[in-house]
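In: quick one, structure for this:
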Amino acid sequence: MYQKIYKSMRLLSLSVLILSVLVTLIACFMAFTGKIKNEIQEETRLISTFLNTYPAISMSEINYPDKRITIISPQGEVLYDDSVQVADMDNHASRPEVLQALKNGSGSSERFSVSTGQNLYYYAVRLANGNVLRVAGVTHNAFLLFAETVGAVLLLLALIFWFSLVWAKRLTKKIIEPIEQSYQTDGRSGVVYAELEPFLNRISSQEDEITRQMDKVTAHKLRLSAITENMNEGLIILDNNACILSANESVAKAFGIERSEFKNKKISEICKDKWLIANIRKVEQGEKSNMLLHIGEKTYQIFMSPVYDKENHGGVILLMFDVSEKAQAEQLRKEFSANVSHELKTPLTTIRGYAQLINSGIAKEDDIIGFTRKIEKESSRLITLIEDIIELSNLDEESTEYEKQNISLKTVAKDVMERLQIRAKERGIQMQLTGEDTIISGNLSHITELVYNLTDNAIKYNKENGKVEIAIKPNQIAVRDTGIGIPDIYRERIFERFFRVDKSHSKKVNGTGLGLSIVKHIVKQSNAEIQVESTEGKGSCFTVTFSGSR
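Out: Okay, the predicted model is just below:
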């Protein structure tokens, strides 16, 4: 602003200066020319008076420096000229100053003289003898006047222009300084120019509004950043060239790379899955899409939507949901259905086979009793399996409320040991209860089922003449055996439904494969924790720790 005003004032000063010089030169020229014309007219009158008084005087005796004197007859014939040969001159009857003098007594004109090569002013008067006296003098034109005074004019012009520049700078600073002071303050206090007050108030109001909007945008950005950074779902924003504009921390964890590596990279450089790239291209055409993407052991469901900038495609938004548990649950459900079908089919096939033998009469009388016993055994196994499935189904219903009470773990352990005493003696297995009693809060049937299944498995998968120890500590019960143990590779799978570590051995122990699955569900329902310690060939120890003890 300072430079603009300063330049404007310099231009104004120069323009005014040039205009002033021109006006001055014109005024001087006019005044100078007028003075010359007045002198010529006065001199012409003096000469005419002299000639009228002394008509016999010779014209050669009359001499006026820098003036041209001419005598012209009424017919226009040049009778005398002190500058040019009369014989060389044309008839002057048509000259305007001559015509005016013959008619009015005097006349004047101004023109360029071909004979003298100068710009002359002519003034003529009619003499008493009828002739016309004409006196001419040189008048300076503007160019000639400027040429004669150019040095002085330029010097004066330079001095005045320098003076104007100094004052222009001072005036500009004086004008700008109050505005700068107003700008450096709050824009409203100390306003020097009343004309600027509405303008500055408007600026201050807009500045306050911009500040409020910026604060709002910043707060909104922080909230959005907090949401996207803390959300478990992955969020990816792509531009119209499939380059990653933004990706939150969940995406970085999913792909196992640093967030800085996403910058200025295409999604195809991060993930090589051809179906993902194909779906993104589909979404770029304006269609929504979703798919399952497997990254390592994780499974993600990705929802993709196009983003539009007015009517133009602006990019793609990808939302990633971790559905690994859901996918795993679905896989377990399929495996469970297959295993249930198999486990149910085996005893039913056996029962049907023996029943057909009896009904067909093929079976001998002595064999019928053995067949019926096997039918009863398989039926019992079938009933046990169905009961376990029903128990699992009930435990899966997390919304079901179970009655809780104070439970003595030692009492429960004694009851379980009594129920399993006969089975243990059949294999020569010794059972031992150690530790002081502890009281917990829970559902009695569930806790009894938990201890029973752990102890039953300790007997089933134990060695002949082995040992089972039930140890009770505050808020804790542990079942330890000296059985076959669990290999490390199966440690994480033993709680899966129908999973057996040693299938060949499992066929001999008459188990359903659901005992530990039921244990896991009861532990979860009881808000407890279970830990497994096992060494292959040496035995296992299952420890359950309760949090709701009293």
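
In: okay, CA-based contacts and neighbour counts for the rest of this
Out: Noted.

In: what about residue 326, neighbour count?
Out: Residue 326: 12 surrounding residues under other CA atoms under 10 Å.

In: any idea which element it lies in?
Out: Assigned by DSSP states H and E, residue 326 falls within helix 324-360.

In: mind listing the strands for the stretch 251-400 of the chain?
Out: Using DSSP state E, counting those that start in this stretch, the strands of the stretch 251-400 of the chain run over 289-295, 298-309, 312-322.

In: so which elements touch the first one?
Out: For strand 289-295, the helices and strands in contact under the criterion 3 or more CA pairs under 8 Å, 6 or more residues apart in numbering; DSSP states H and E are helix 274-284, strand 298-309.

In: swap in the longest one?
Out: Contacts of strand 298-309 with other secondary structure elements, assessed using 3+ CA pairs under 8 Å, 6+ apart, are made with helix 274-284, strand 289-295, strand 312-322, helix 324-360.

In: what's the mean pLDDT across it?
Out: In this model, strand 298-309 has a mean pLDDT of 85.

In: can you name the residues in contact with that strand?
Out: 280, 283-284, 286-294, 313-324, 327 (CA atoms under 8 Å, 6 or more residues apart in numbering).

In: residues touching the residue located most distally from the centre of the chain, list them.
Out: Relative to the centre of the chain, the most outlying C-alpha is that of residue 56, 111.6 Å out, by CA atoms, centre = their mean. Neighbour list for residue 56: empty [criterion: CA under 8 Å, 6+ apart].

In: tabulate the helices and strands packed on strand 289-295 (CSV), appending distance to residue 443 and mean neighbour count.
Out: Converted to CSV, the helices and strands packed on strand 289-295 look like this (distance: least, CA to CA, whole Å; neighbours: other CA atoms under 10 Å):
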stretch, distance to residue 443, mean neighbour count
helix 274-284, 49, 17
strand 298-309, 36, 18
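
In: nearest to residue 245, out of these?
Out: Distance to residue 245, taken as CA to CA, is lowest for strand 298-309 among the helices and strands packed on strand 289-295, at 12.8 Å.

In: what angle separates that closest one from strand 312-322?
Out: On the basis of axes from the mean of the first three to the mean of the last three CA atoms, to 10 degrees, strand 298-309 is oriented at 160 degrees to strand 312-322.

In: okay, now the sheet partners of strand 298-309, with direction.
Out: Applying DSSP bridges, strand 298-309 is found paired with strand 289-295 (antiparallel), strand 312-322 (antiparallel).

In: turn those into TSV, columns for mean neighbour count, distance to residue 46 and mean pLDDT.
Out: Compiled in TSV, the strands paired with strand 298-309 are given as follows (neighbours: other CA atoms under 10 Å; distance: least, CA to CA, whole Å; pLDDT from 0 to 100):
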stretch	mean neighbour count	distance to residue 46	mean pLDDT
strand 289-295	15	117	85
strand 312-322	19	98	82
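
In: these: which one's closest to residue 15?
Out: It is, among the strands paired with strand 298-309 and with distance given as CA to CA, strand 312-322, at 55.0 Å.

In: and the strand or helix carrying residue 31, how far out from the chain middle?
Out: If you go by DSSP H and E, residue 31 is part of helix 2-53. Between the centre of helix 2-53 and the centre of its chain there are 71 Å (CA atoms, centre = their mean, to the nearest Å).

In: now for it, which elements pack on it?
Out: Using 3+ CA pairs under 8 Å, 6+ apart: helix 2-53 touches strand 118-126, strand 132-138, helix 142-184.
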